[in-house]
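Trainee: How does the following fold in three dimensions:
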Amino acid sequence: MREIVLGEMLSDSVSKNNWGRIGLKKRAGVLVPLFSVHSADSFGIGDLGDLKRVADWARETQNSIVQLLPMNEVGSVFCPYDALSSFALEPAYICLKNFPSLKDKHFSKNNPDIPHIDYSVKEEKIRLLWDFYLFQDLSEETDFEYFQRDNAYWLQDFALFKVLKEFHQGRPWYEWDEKFMRRNRQALQDFWKDNIEKVTFQMWMQWILFRQFRAAREYSYSKGVLIKGDLPVLVSRDSADVWAHPGFFKLDFAAGAPPDMYCAKGQRWGMPTYNWELIASDGYNYIKEKLKYADNFYDILRIDHVVGLFRIWSIPYGDDAENQGLNGSFDPAEEELWDSHGRMVLNVFLENTKMLLCAEDLGVVPKCCTQALLDLGIPGNDVQRWVKDWDTRHDFLPGEEYRQLSVAMLSTHDTTNWQAWWKYEAGTVDEGLFVRKCADRGIDLARVKDELFDPGLSCHGRLRWKKEIDSTDKFLWILGKPRQEVGDFVEMYENSYAEKDKLWHMLGYPGEAREEADGDVLEKIIRFTLASRAVFCINSIIDILSLSGVFPGDPYQYRINTPGTISCGNWSLKLPVSLEEMAGSRMNRQIRTMINDSGRS
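Mentor: You can find the predicted model right below:
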């Protein structure tokens with residue numbers, strides 16, 4: 001019945017043809033950062049050859065969606081959401097096994113005992129590819145010529161950007177020689193001629209990536225596995241896109257997110273916001289070309305931070321970095337414009353792609369965004385730890401109350417894995433947020449902190465409520481303030497106190513909740529999300545593999561990214577098991593059984 005209701009909901013949607021291509025049915029999937037996997041054939045990092053093995057494993061476990069993080073070429077901090085291009089793919093993902101003279105090469109710094117990627121692998125792989133490329137005769141490669149012609153919108157600009165960046169010792173484009181920074185036509189033509197071999201090499205690598213990715217996508221589809229891509233809503237300030245089209249961006253501003261109960265100062269991401277007026281005046285070609293290229297690789301596409309298409313938190317570029325997102329404001333500033341603006345941009349997306357669009361709609365989301373996604377047939381995200389009745393029951397929603405038009409999941413690439421959330425974050429508040437709120441209201445932090453929170457269970461910047469603070473009246477008495485003055489404190493308390501016990505009982509366990517979640521608890525919560533009303537359920541490979549206990553020690557250390565930080569631990573987590581070991585794991589039957597029991601495929 002649920003599928004029929006959803007079908008009726010989508011029958012008049014502009015997304016109905018996109019849904020028709022993949023079929024309207026409940027699916028299970030897995031989020032796999034490609035850099036995290038490895039096989040006997042890998043060269044220090046997961047690659048597009050390994051993507052085929054991931055599809056095999058997905059097929060074996062009954063998952064019919066493999067979701068990837070953005071595959072765009074990354075900059076010095078290796079963040080896929082702060083890419084050098086909205087189009088160009090990351091050359092570290094080239095599979096060397098396709099090259100006879102390179103197939104037996106091994107990464108010189110490979111150490112299987114180190115749990116993070118050594119990104120010097122990228123430089124080493126490119127050196128090997130350069131040596132191979134120098135002996136290639138491309139004069140008869142008509143496919144390469146077609147590739148250049150079909151991608152003329154972005155390819156030459158990107159290749160020239162990369163070689164110019166090398167020429168300027170890696171400095172950002174806005175610190176280059178004036179003639180190159182301002183794109184003096186004659187200067188660029190002369191540089192192209194003088195560096196034709198290097199420029200062509202950059203285009204050649206993108207052609208190799210294009211062919212390998214297309215092949216992996218076709219292989220996955222033949223196995224009944226759909227590839228879900230990820231389109232960052234923004235691009236790096238130091239990117240080929242911004243250098244080639246500076247008018248499309250508001251360079252006096254940096255994008256971010258406003259403060260909330262999980263991030264006390266908000267977030268400052270640093271990427272410039274869009275100048276939508278100029279993008280529109282160009283017929284939205286910038287958006288259309290992105291989608292045209294992504295169509296080659298994906299069946300489903302996740303739009304990152306979709307709310308940013310309605311209004312985006314915009315921070316003056318010169319504001320002190322310590323302030324994070326505190327001093328931002330929404331753009332457009334007029335709330336009455338948000339709905340029409342977001343719908344206009346999303347309709348451009350829908351009219352120019354065959355992919356099914358999904359949306360990351362987390363954080364502070366205005367009602368107009370939620371309603372627009374529903375009207376347009378675009379699933380949002382339902383992350384279990386945040387799917388609550390925040391206003392009345394202050395409790396987690398049961399699976400039957402999840403949005404049908406959503407992707408259910410336990411965690412994201414920006415959160416702790418579920419076991420770490422359970423151990424350290426359930427039943428807590430953000431310490432930085434609490435400190436700031438106390439300072440704003442003149443509340444004696446030292447006094448109330450000792451009375452409200454359990455120091456033995458508070459860590460990683462989270463404060464755990466003492467069990468005896470079991471009523472709002474007790475909480476207000478300790479604060480020493482009337483409810484009407486501290487309504488935001490009350491909301492914070494009511495939505496976080498006893499979280500662990502509430503979910504424990506929802507999962508059917510008696511008594512007091514355990515402090516740590518073992519494999520039995522993890523299986524229960526995975527089954528919970530699989531059984532939810534959401535049309536898709538896509539869980540992280542970390543949460544899924546944790547069923548077999550392959551991650552040793554503290555679960556807190558196993559995360560893909562910690563927002564607001566730059567660290568060698570971000571975007572570099574390496575799975576402790578190889579794809580060959582995953583293929584032969586006894587856990588696969590357990591996963592397949594859970595998915596089959598849920599009625600998903």
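Trainee: Regarding residue 389, what are the backbone dihedral angles?
Mentor: phi -90, psi 100 (degrees, to the nearest 10).
Trainee: Please list all residues in contact with it.
Mentor: 395, 397 (Cβ atoms under 8 Å, 6 or more residues apart in numbering). For the C-beta atoms, the positions are set from N, CA and C on the backbone; glycine is no exception.
Trainee: gap between it and residue 506?
Mentor: 12 Å (Cβ to Cβ, to the nearest Å).
Trainee: which neighbours do those two share?
Mentor: What both residue 389 and residue 506 touch, as defined by Cβ under 8 Å, 6+ apart, is the set residue 395.
Trainee: Following element in sequence after the longest helix along the chain, please.
Mentor: In the chain, taking DSSP state H as the definition, the longest helix is helix 196-222. On the C-terminal side of helix 196-222, the closest following helix or strand by DSSP states H and E is strand 226-231.
Trainee: Give the rounded mean pLDDT of that next one.
Mentor: For strand 226-231, mean pLDDT rounds to 97.
Trainee: now for whatever helix or strand comes next after it, which elements pack on it?
Mentor: Next in sequence after strand 226-231, counting helices and strands by DSSP H and E, comes helix 240-244. Applying 3 or more Cβ pairs under 8 Å, 6 or more residues apart in numbering; DSSP states H and E, one finds that helix 240-244 contacts helix 155-167.
Trainee: Now do the helix it packs on and helix 196-222, the angle between them.
Mentor: Here the directions of helix 155-167 and helix 196-222 differ by 120 degrees (axes from the mean of the first three to the mean of the last three Cα atoms, to 10 degrees).
Trainee: Summarise which helices and strands helix 155-167 is packed against.
Mentor: If contacts are counted by 3+ Cβ pairs under 8 Å, 6+ apart, helix 155-167 sits against helix 142-150, helix 185-194, helix 196-222, helix 240-244.
Trainee: one more time with 10 Å
Mentor: helix 142-150, helix 178-181, helix 185-194, helix 196-222, helix 240-244 (3 or more Cβ pairs under 10 Å, 6 or more residues apart in numbering; DSSP states H and E).
Trainee: I'd like those helices as TSV, with mean pLDDT and mean neighbour count appended.
Mentor: Output for the helices and strands packed on helix 155-167, formatted as TSV (pLDDT from 0 to 100; neighbours: other Cβ atoms under 10 Å):
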stretch	mean pLDDT	mean neighbour count
helix 142-150	97	13
helix 178-181	98	14
helix 185-194	98	12
helix 196-222	98	19
helix 240-244	98	24
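Trainee: how about TSV for the ones you listed, with distance to residue 257 added?
Mentor: Converted to TSV, those look like this (distance: least, Cβ to Cβ, whole Å):
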stretch	distance to residue 257
helix 142-150	36
helix 178-181	30
helix 185-194	36
helix 196-222	31
helix 240-244	21
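Trainee: Quick one, which of those helices gets closest to residue 67.
Mentor: For residue 67, the closest of these is helix 196-222, at 11.8 Å, according to Cβ to Cβ.
Trainee: Give me the phi and psi for residue 500.
Mentor: Per degrees, to the nearest 10, the backbone of residue 500 is at phi -60, psi -40.
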